[in-house]
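# A predicted structure for the sequence below; I have some questions about it.
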Amino acid sequence: MTVWLTIGLLVVGTFVIKGLGPAALGRRELPARVVPVIALLPAVLLSALVAYETFAGDGGFHVDAKVVGIGAAIAAVALRAPMIVVMVAAAAATALTRLVM
Amino acid sequence: MPATLRAGARLAVPLFAPTLALGLSFGVLAAPVMGVVAPIVMSAVVFAGGSQFAAVGVLAGGGGAFAASGAGLLMNARFLPMGFAFAPAFRGGRLWRATQGSAIVDAGLILARDERGDYDRNLLFGSTAVQFCGWVGGTALGVFAGKALPDPNAFGIDAIFPAFYIALLGSELRNPRARMAAVLAVLVALAGATVLPPGVPVIVAAAVALIGLIPEPERAKEAV
């Protein structure tokens, strides 16, 4: 029962969190002042998410082989490598690090 | 089928394998706690990885339904500002718009923008559909066959998700202001991780985007 109650609460809560903005704004456009804030949101939110999940995921700091893969991904992006190369470099560097660790 | 729906799905193809692997690891983790059916149903109806991992973690530790769903919803708090970002993209009445908002996922923040930089609901629906299949399919795979399969993380699959975001952020961060905001957000998220409950640091870091309210003097001069 606990499990299904948890799922039910999560469904309702997540629906409200994701739906509040669309429901509240309705057909109105975003105010002009807010547009630059929205434009910064992808950079801000995804950077924070990557850093947080890499180093602090479930409370407390931790470092594992994934950090090497992320370093490889950043290097590949800096060299303007295509998306697939960035992803393969990250996976390969992580796998190799786990192999030798 | 609208071309933008297909275009969105195509954009998300690189995410299919890592989403499948993440779903698999969720299925493996959840099955001993929740049984066989509940994890798959949960992935289909909750469809938010971070919150599901958090909730199952609480349940596994003997926590109740309110503690578990509370921990999960904190992980989902970041979707609140994202909902406002996507709001103008949706059509129809309020309830129907809110329902369309359920398709919002992290990757959509970058994948679902059209060439003018506006959010497009079909790009979102298409890209989210691919991740939905990967997430639910991966969960089922993890529940039923997880123990028999090799650990996907041995192949570094868990690094693909952040690498995908980093690749997407590459072009995003060519703008100096976005770069500064991103650095600040990372610092806030990591500093917050030392004192705040899981999930909360990311939503606090999202507030860094409010520096967009400060007018950009150089840009204003250029416009004249």
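Nice, I can see it.
# test my guess that residue A:97 contacts residue A:69.
Yes - counting by C-beta atoms under 8 Å, residue A:97 touches residue A:69, with 7.3 Å between them. Yep, even glycine has a C-beta here, placed from its N, CA and C like the rest.
# which of these two has more neighbours?
Higher neighbour count among residue A:97 and residue A:69: residue A:69, with 28 against 19, using other C-beta atoms under 10 Å in any protein chain shown.
# OK, contacts around the more buried one?
Counting by C-beta atoms under 8 Å, 6 or more residues apart in numbering or on different chains, residue A:69 makes contact with A:89, A:90, A:91, A:92, A:93, A:94, A:97, B:156, B:159, B:162, B:163.
# filter these down to the ones in strands?
Per DSSP state E, strands hold no members of those.
# nearest to residue B:126 among those?
Here the nearest of the contacts of residue A:69 to residue B:126, counting by C-beta to C-beta, is residue B:163; it sits at 21.7 Å.
# these two touch, right, that closest one and residue A:94?
No - between residue B:163 and residue A:94 there is no contact under C-beta under 8 Å: 9.1 Å.
# touching both of these two, which residues are there?
With C-beta under 8 Å, 6+ apart as the test, residue B:163 and residue A:94 both reach A:69, A:72.
# can you point out the buried residues in whichever strand or helix holds residue B:97?
Assigned by DSSP states H and E, residue B:97 falls within helix B:94-101. Residues of helix B:94-101 classed as buried: B:97, B:98, B:99, B:100, B:101 (neighbour count, 16 or more other C-beta atoms under 10 Å in any protein chain shown).
# the last one contacts residue A:18, doesn't it?
Put plainly, it is residue B:101. Yes - in this structure, residue B:101 is within contact of residue A:18 by C-beta under 8 Å, at 4.3 Å.
# overlap in contacts, those two.
Common neighbours of residue B:101 and residue A:18 (C-beta under 8 Å, 6+ apart) are residue B:83.
# quick check: which ranges of the chain have low pLDDT?
Just so you know, I chose chain A. For chain A, applying pLDDT under 70 flags the ranges A:57-60.
# wrong chain, I was asking about chain B
Residues of chain B meeting the criterion pLDDT under 70: B:217-224.
# and the helices in it?
With DSSP state H, the ranges of helices along chain B come out as B:3-12, B:16-34, B:37-45, B:49-60, B:65-76, B:79-86, B:94-101, B:108-111, B:121-145, B:160-172, B:176-193, B:200-206, B:217-223.
# arrange these in CSV, one row each, with distance to residue A:22 as further columns.
As requested, those are exported to CSV (distance: least, C-beta to C-beta, whole Å):
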stretch, distance to residue A:22
helix B:3-12, 18
helix B:16-34, 24
helix B:37-45, 19
helix B:49-60, 19
helix B:65-76, 15
helix B:79-86, 6
helix B:94-101, 4
helix B:108-111, 13
helix B:121-145, 10
helix B:160-172, 23
helix B:176-193, 24
helix B:200-206, 17
helix B:217-223, 29
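# return the most buried member of those helices.
helix B:108-111 (a mean of 25; mean count of other C-beta atoms under 10 Å in any protein chain shown).
# just checking, what packs against it?
On a contact count with 3 or more C-beta pairs under 8 Å, 6 or more residues apart in numbering or on different chains; DSSP states H and E, helix B:108-111 meets helix A:35-55, helix B:3-12, helix B:79-86, helix B:121-145, helix B:160-172.
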